[in-house]
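Need a 3D model of the following:
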Amino acid sequence: MADKQEMSFEEAMNQLETIVNQLEHGDVPLEKAIDLFQQGMQLSQLCSQKLTQVERKIEMIVEEDGEIRKQPFIPQTEESETLG
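Residues are numbered from 1 along each chain as shown. Prediction:
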């Protein structure tokens, strides 16, 4: 496995999918299943961190009163969609 911090989001997701498939088949010895689960949790955290970093970098260009300006991207959650 490559160094997790240098791994791309796509690589991490592919490895995570492989681990999930192995665990879902259930024919993995218990110790190996625990190791796979731990690796999967680490990959899941890595993916979450990478998504958070990307969210911080995304900016929306908004036109307001004929002016184009940048504003931080604020992802909508189910709660904010129902309130808005």
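
what comes up buried for the lengthiest helix in the chain?
Criterion DSSP state H: the longest helix present in the chain is helix 30-57. Neighbour-count burial for helix 30-57 flags 36, 39, 40, 43, 46, 47, 50 (criterion: 16 or more other C-beta atoms under 10 Å). Bear in mind the C-beta positions are built from the backbone N, C-alpha and C, glycine included.

Need those in TSV (columns: pLDDT and distance to residue 15).
Shown next, in TSV, are the buried residues of helix 30-57 (pLDDT from 0 to 100; distance: C-beta to C-beta, whole Å):
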residue	pLDDT	distance to residue 15
36	96	10
39	96	8
40	96	8
43	96	6
46	95	10
47	95	10
50	91	13
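
Need the residues you listed in a markdown table (columns: distance to residue 71).
Converted to a markdown table, the buried residues of helix 30-57 look like this (distance: C-beta to C-beta, whole Å):
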| residue | distance to residue 71 |
| --- | --- |
| 36 | 42 |
| 39 | 38 |
| 40 | 36 |
| 43 | 32 |
| 46 | 28 |
| 47 | 26 |
| 50 | 23 |
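
Just the closest of these to residue 28, please.
residue 36 (6.5 Å; C-beta to C-beta).

Not counting sequence-adjacent ones, nearest residue to the closest one?
Nearest residue to residue 36 in three dimensions, chain neighbours excluded: residue 19, at 5.0 Å (C-beta to C-beta, 6 or more residues apart in numbering).

For residue 47, which non-adjacent residue is spatially closest?
Counting by C-beta to C-beta, 6+ apart, the residue nearest residue 47 is residue 12, at 5.1 Å.

Please apply the same query to residue 15.
Nearest non-adjacent residue to residue 15 (C-beta to C-beta, 6+ apart): residue 43, at 5.7 Å.

Likewise for residue 33?
Nearest non-adjacent residue to residue 33 (C-beta to C-beta, 6+ apart): residue 23, at 6.1 Å.
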